[in-house]
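Participant: Got a sequence here, can you model it:
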Amino acid sequence: MHGINFKIVADRAEDLILSSQGEDASGSFTMSGAVHKSNGEVDMKKRYDNGEIWEWLGVMTPFGIVATRGSRCGGWLWLWKRSWSST
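Facilitator: As a prediction, the model looks like this:
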């Protein structure tokens, strides 16, 4: 995945609501969800332009967002700040 640049859409008492767009080998997508302030858990949905939806469950860490696709462990996700990369 690349081109992800989360924006805070809403800052609620219990959640930060995030949204972004991006692209990967499967095509263009939007990604949106919430970071729960009480425990750092993250719920995200990745919606491809073709209508396919992937759900990600994870946690916010000091090193970015780490998640797995649904409860099936169909894939892993790790998102971090661009400034942490050498390219």
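
Participant: Now do the helix or strand bottoming out on mean pLDDT in the chain: which elements does it pack against?
Facilitator: Taking mean pLDDT, DSSP states H and E as the measure, strand 76-79 is the helix or strand of the chain with the lowest mean score, a mean of 81. Under the contact definition 3 or more C-beta pairs under 8 Å, 6 or more residues apart in numbering; DSSP states H and E, strand 76-79 sits against strand 64-69. Just so you know, the C-beta spots here come from the backbone N, C-alpha and C atoms, and that holds for glycine as well.

Participant: and the strand it packs on, how far out from the chain's middle?
Facilitator: Averaging C-alpha positions (C-alpha atoms, centre = their mean, to the nearest Å) puts strand 64-69 7 Å from its chain's average.

Participant: partners of that strand in the sheet?
Facilitator: With DSSP bridges as the test, strand 64-69 is paired with strand 53-61 (antiparallel), strand 76-79 (antiparallel).

Participant: For Val66, see how far away the residue nearest to Asp43 when sequence neighbours are not counted is.
Facilitator: Closest residue to Asp43 apart from its sequence neighbours, by C-beta to C-beta, 6 or more residues apart in numbering: Gly33 at 4.9 Å. Here the criterion is C-beta to C-beta, to the nearest Å. By it, Gly33 lies 14 Å from Val66.

Participant: ok, these two, which is more surrounded?
Facilitator: In terms of neighbours (other C-beta atoms under 10 Å), Gly33 is the more surrounded of Gly33 and Val66; the figures are 22 against 16.

Participant: Just list the residues touching that one, thanks.
Facilitator: By C-beta atoms under 8 Å, 6 or more residues apart in numbering, the contact set of Gly33 is 17-18, 42-45, 56.

Participant: what about 6 Å?
Facilitator: Residues near Gly33 by C-beta atoms under 6 Å, 6 or more residues apart in numbering: 43-45.
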